[in-house]
Structures are given as C-alpha cells and as structure tokens.
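My questions are about this predicted structure, shown below with the sequence.
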Amino acid sequence: MANQKNTAKERYTDISNKHGGYWRYDFIDHNYLYNLYFPPEDFFTHITENIHQLVLNYPVGQNELADLTGKLINQSPDHIVVGNGAAELIKIIAGMNQQMIVPVPSFNEYVNAAPEGDVIEFVLEAPSFQLDIDKFAEEAIRRKARIAVVVSPNNPTSLLVPKAELVRLLKILADHSCMLIVDESFIDFAENGESETLEDEIGNYQNLAVMKSMSKAFGICGIRIGYLLTANAEFRAQVRKGLHIWNINGFAEEFLRRAPTYIQQFRESCNTVKADRDEFYMLLGEIPGMDVYKPDANYIFCRVPDNGPSAPEVTERLFVEHNIYIKHCQGKTLPESDRYVRIASRTKTENCNLVNALRSVLGLV
C-alpha cells in the first residue's frame, strides 16, 4: 500500500507540472474546463472520413477563417480576428507595450503574457470577489491604462459581471482612451448568457473588444480556436498584424465549417452542462464548513473549511486517495489563497463521486 501511495504522489507531482495531455493518464479531470457533451459524434465521423485531406493540405488564411467564424456567431467577418486559441490573441495584446489593468484573481495568462511593468493588478476584495466597476475605472484612469480586461464569468471565481455594469464601464473608459476587453469564454454557461453577452454591443462602442476561447464551451480544447470581436479597425489591425499566415490548422478550419449545422445540439449541450453544474453546486453546499460560490460558468469556486486541511493538501489527497484531480488556488492573487479550490463540473455520476471523495478527505465520513 505504501508503494502505491508513493507512486500516486509521484504521479501527482508530475501531473501538477503539466499543462495538458491529461487524457494519456488514468485519472478523473475536474481541473480543466470542458463541455463533455459537445461536439456530437457526427463531427468525429466526418473528421475521420476526411483525415487524409485535412493532414495533407494547407488550411485557409485569416480572411476565410473570419468569414467562417462570422457565420457561426452571426457577426460581420470584418470585425473578427481568429486565433490559435484565445491564448495566441492574449499574447499579442499583452505585447502591445500598453499599460493594461486586470482584476485578480483571474485567468493568469493575461498577466503572465505581458512584459514586466505593463500590468496593473486590481485586487478583487474577499469574501465577495465581485468587481467594483467604479473603483476599477478610477484605478484604470489614475494609472493611465490603455487596455482594461474583464473576464466574465471570471476564472477561477465563476462569477459574472452584469452586462449593464460593463456597459457603464465602457462609457467611463471611452473618455480616457482605454480599450475594454471582455473575455466571455464561459458566457454560454451563464443563466442568461444570450442576453448578458456584449457581442451585440460592439457596433456601439469603439473601445470594446470581446474575446472568446471556443475550446471551453464547444469542448474542442485540442483543436485550439479563439476569436476577438471588435468594431475598432485600428485595434483589430494591430492584433491581426501579430498573426502568422497559417495560424489555424485544418482540423480547426473544418470545425468552423461544420459547427453551424450543430448549433441546436450545442445549445442543448450547454443546458445539460448547466443542469449538472447546478446539482453539483447544491451537493457541494451540503458539505459542512465549505463556502461555495454560486457559479455562472461550468466550474465552482469554493473555500475549504478552516478547521481542515489546506486547499493544496485537499487537492493532493483527492488525487492520491481517489484518483481525482482538481485545482487549488494557492499562488493566485487573493488573500488566503491556500484555502480556495476551483472544481470543474463533469457528469452527474462523476460530480457525486467527487463530493463523496471530498467528504472523505475532509474527515466527514
């Protein structure tokens, strides 16, 4: 038994230093944020049938990719930049040598991708972790930020910033030459995501850009597609300039071609994810001492009980003892970060198994 545990601890150390490829290892991944119900099997059949052509031929370039994405999201291709995942676009924007302000904790890549000294970290206050629009705008103006980033729903907190508040922020920043980038990678899992998105507002605000990683909601993390949507021609041109000629592979192109035919199945898959997540939220909330934040995305932000093991200890024991991997938030910019975890929602069965395993680790069974 000791040897097995030592082996599991070694595996945990190995896995925790990786940034993907988890499917090659035998554990339940409640860390990365997938839509497990999409794409439909028909897509994989189509890819298999066309594998030779997709591998042997060059994909299309940026103009055609923007056209394909525009048909999917019902937007003008003139407003779209398509990236190899949102991460490619984030890297370009962070490297524009402009002062950027980002609420933290948030998706680390915005801060990590920027040169030292180019990022202002605006700390979200515990325990609510809600973004105070007025204080955020005040700090952006005081520090002469030229780019402001808001991730909504936020990662790791899974909290949405209401559209009305973001529109108010846009109006304030417009008078101070500050571009607002709203990352909506998880908006499809929000309760009223279709009415909360700012995609339909881009024509009204020259200082608005909407960023979206398609990997999360569409369940295509291995294909890597993201897009930026803005009516600001100068900003869009700056981002496009940072792309190389074939930044998207043939598999991603083929997904964009096929995706419009699956739009109803996509909406149904998101509804299934939301139903599973809501049940998961209720189960986690029944664990004594756990502070569980009501989620707007497909993952749940929790504070582990103060009288139990730390978040890193909980994460390691879940892996070693139950072969389940979650994300602890130690190292994130938030007070007492070693008390917080982010847990991705999976299937109903897997979510129930995780709750039982978590109760065991916390000494509650």
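Cool, got the structure. From a predicted model like this one, the values you see are computed outputs, not experimental measurements. Numbers count the residues shown, from 1 in each chain.

give me the low-pLDDT residue ranges for the stretch 101-250 of the chain?
For the stretch 101-250 of the chain, not a single residue meets the criterion pLDDT under 70.

Now for the closest residue to Ala259 other than its chain neighbours, how many residues are close by?
In this structure, Ala259 finds its nearest non-sequential neighbour in Leu72, 5.2 Å apart by Cβ to Cβ, 6 or more residues apart in numbering. (Glycine included, C-beta is placed from N, CA and C.) The number of residues packed near Leu72 is 20, by other Cβ atoms under 10 Å.

Please tell me how far Arg257 sits from Glu116.
41 Å (Cβ to Cβ, to the nearest Å).

My error: substitute Leu169 in the last question.
26 Å.

With neighbour numbers in mind, choose between these two.
For Leu169 versus Glu116, the count of surrounding residues by other Cβ under 10 Å is larger for Leu169: 24 against 5.

residues touching that one, list them.
Residues in contact with Leu169 (Cβ atoms under 8 Å, 6 or more residues apart in numbering) are 133, 136-137, 148, 150, 180.

Highest neighbour count among those residues?
Most surrounded of the contacts of Leu169: other Cβ under 10 Å gives Ala148, at 28 neighbours.

Leu68 falls within a strand, correct?
No. Leu68 sits outside any strand when classified using DSSP: H, G, I helix; E, B strand; the rest coil, being helix.

got the contact list for it?
Counting by Cβ under 8 Å, 6+ apart, Leu68 has contacts 253, 256-257.

thinking again about what came up before, please tabulate the contacts of Leu169 in TSV, including the columns distance to Tyr325 and secondary structure.
Shown next, in TSV, are these (distance: Cβ to Cβ, whole Å; DSSP: H, G, I helix; E, B strand; the rest coil):
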residue	distance to Tyr325	secondary structure
Ile133	35	helix
Phe136	33	helix
Ala137	38	helix
Ala148	33	strand
Val150	29	strand
Leu180	34	strand
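
Relative to Ser76, which of the residues you listed is nearest.
Leu180 (19.7 Å; Cβ to Cβ).

dump the residue contacts of the nearest residue to Tyr12 once chain neighbours are set aside.
Closest residue to Tyr12 apart from its sequence neighbours, by Cβ to Cβ, 6+ apart: Phe319 at 4.5 Å. Contact analysis of Phe319 by Cβ under 8 Å, 6+ apart lists 8, 11-12, 15, 27, 325.

possible to save those as CSV with neighbour count and distance to Tyr293?
CSV is the format used below for the contacts of Phe319 (neighbours: other Cβ atoms under 10 Å; distance: Cβ to Cβ, whole Å):
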residue, neighbour count, distance to Tyr293
Ala8, 18, 29
Arg11, 17, 30
Tyr12, 19, 26
Ile15, 16, 25
Phe27, 17, 25
Tyr325, 22, 20
